[in-house]
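K.L.:
coordinates only, no sequence provided:
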DNA sequence: GCCACCGGTGGC
DNA sequence: GCCACCGGTGGC
């Protein structure tokens, strides 16, 4: 691919059931981090990636600022699905753990225009460089997922929450935005409605373009169940062909990230135009193409425990 | 009753 | 086939 392009990777840890937590929910947090090779090579020829980070895991550093409004009396009812955040150096392809979700989001926001290199990790780790060993490798002990680059950071006081679903679900993950009030929003439509009902946020500068419900793709093949085909036994074969997990060769640069469809009708704001100039316009697009690419991603599961993340926001989507 | 999670589906 | 959206529901 092209230097300067970079997919993100989300690494999710498997979560062990925790007493007192709803069984049903634990299931979907079973992250499992997987990956495709030893991590010494880029997922794609010149990609750096981001992995996700769990504040509870020691190797990933400290969780930082989560709105306190969100930690409240909800003792670990909600677990974070993300195990750690990491980004792959565009120069040496080594993985660097990113200490906080906020830093991760900051890097991700401009990843295409501003590719990550090890030196940047000096922001949180002195003297680190490409000469140092990777912080983490794709050793099969975790579930890895390719995140999308150039997703705007959430507005101040808001939180973007990624929840990984259990293996075999019809969908890999869900994104929610938690408003400062704790209200959970699960689509652009809901965000728009909320902003219309709370113009104060618009006054504060909150824009629709600061929201993205794009979810990462799992590196593990078949993590996501194919939509069943009714009235036909094509179902099984469809399954075998697999859900489209991201594979190494699939991780092509994202040349642009279009606005969510729902945004088109929104009045409040329009996303900025995609940064098309950054990448080779002819480059395939991992998140949006169906390029058949390599089928080789290995899928090792692990059962790495993790702590609760910040107890997520409490309310969500109204049904 | 609440709400986190899951599945279905329509539009593309 | 993918994905945004949202309704249903089971565990609490």
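P.N.:
Looks like it came in fine. Given the structure is predicted, the values throughout are model-derived calculations rather than measurements.
K.L.:
quick check, residue A:176 in contact with residue A:182.
P.N.:
No: if you go by C-beta atoms under 8 Å, residue A:176 and residue A:182 don't touch, sitting 11.3 Å apart. Placement of C-beta: from N, CA and C, glycine included.
K.L.:
more neighbours, those two?
P.N.:
The neighbour comparison of residue A:176 against residue A:182 (other C-beta atoms under 10 Å) goes to residue A:176, with 20 against 17.
K.L.:
beta partners for that one?
P.N.:
Under DSSP bridges, the beta-bridge partners of residue A:176 are residue A:161.
K.L.:
separation between it and residue A:163?
P.N.:
7 Å (C-beta to C-beta, to the nearest Å).
K.L.:
how is chain A partitioned into domains?
P.N.:
A:80-142, A:152-225 (the TED database).
K.L.:
got JSON lines for these, with distance to DNA strand B too?
P.N.:
Converted to JSON lines, these look like this (distance: least, C-beta to the nearest atom of the strand, whole Å):
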{"stretch": "domain A:80-142", "distance to DNA strand B": "8"}
{"stretch": "domain A:152-225", "distance to DNA strand B": "4"}
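K.L.:
out of those domains, which one sits most buried?
P.N.:
Counting by mean count of other C-beta atoms under 10 Å, domain A:80-142 has the highest mean neighbour count of those, with a mean of 21.
K.L.:
now the domains of chain A in a markdown table, with mean pLDDT?
P.N.:
Formatted as a markdown table, these follow (pLDDT from 0 to 100):
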| stretch | mean pLDDT |
| --- | --- |
| domain A:80-142 | 89 |
| domain A:152-225 | 91 |
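K.L.:
DNA strand C is nearest to which of the ones you listed?
P.N.:
Among these, domain A:152-225 comes nearest to DNA strand C, with 3.4 Å by C-beta to the nearest atom of the strand.
K.L.:
what about the closest one, start to end distance?
P.N.:
Across domain A:152-225, the terminal residues are separated by 29 Å (C-alpha to C-alpha, to the nearest Å).
K.L.:
ok, stretch A:119-129 next?
P.N.:
5 Å.
K.L.:
please apply the same query to stretch A:127-136.
P.N.:
Start to finish, the residues bounding stretch A:127-136 are 17 Å apart (C-alpha to C-alpha).
K.L.:
what of stretch A:211-221?
P.N.:
In stretch A:211-221, first residue to last residue: 28 Å (C-alpha to C-alpha).
K.L.:
same check on stretch A:149-164?
P.N.:
End to end - C-alpha to C-alpha - stretch A:149-164 spans 18 Å.
K.L.:
how about it, does it reach DNA strand C?
P.N.:
No: contact of stretch A:149-164 with DNA strand C (C-beta under 7 Å from any atom of the strand) is absent, the minimum separation being 11.0 Å.
K.L.:
for residue A:129, phi and psi?
P.N.:
Backbone torsions of residue A:129, given as degrees, to the nearest 10, read phi -150, psi 180.
K.L.:
all strands of the stretch 101-250 of chain A, in order?
P.N.:
Using DSSP state E, counting those that start in this stretch, the strands of the stretch 101-250 of chain A run over A:143-147, A:159-164, A:173-178, A:184-185, A:217-218.
K.L.:
can you redo those as JSON lines with distance to residue A:134?
P.N.:
Below are those laid out as JSON lines (distance: least, C-beta to C-beta, whole Å):
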{"stretch": "strand A:143-147", "distance to residue A:134": "14"}
{"stretch": "strand A:159-164", "distance to residue A:134": "23"}
{"stretch": "strand A:173-178", "distance to residue A:134": "25"}
{"stretch": "strand A:184-185", "distance to residue A:134": "35"}
{"stretch": "strand A:217-218", "distance to residue A:134": "21"}
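K.L.:
with respect to residue A:108, which of the ones you listed lies nearest?
P.N.:
Residue A:108 lies closest, by C-beta to C-beta, to one member of the strands of the stretch 101-250 of chain A: strand A:143-147, at 6.6 Å.
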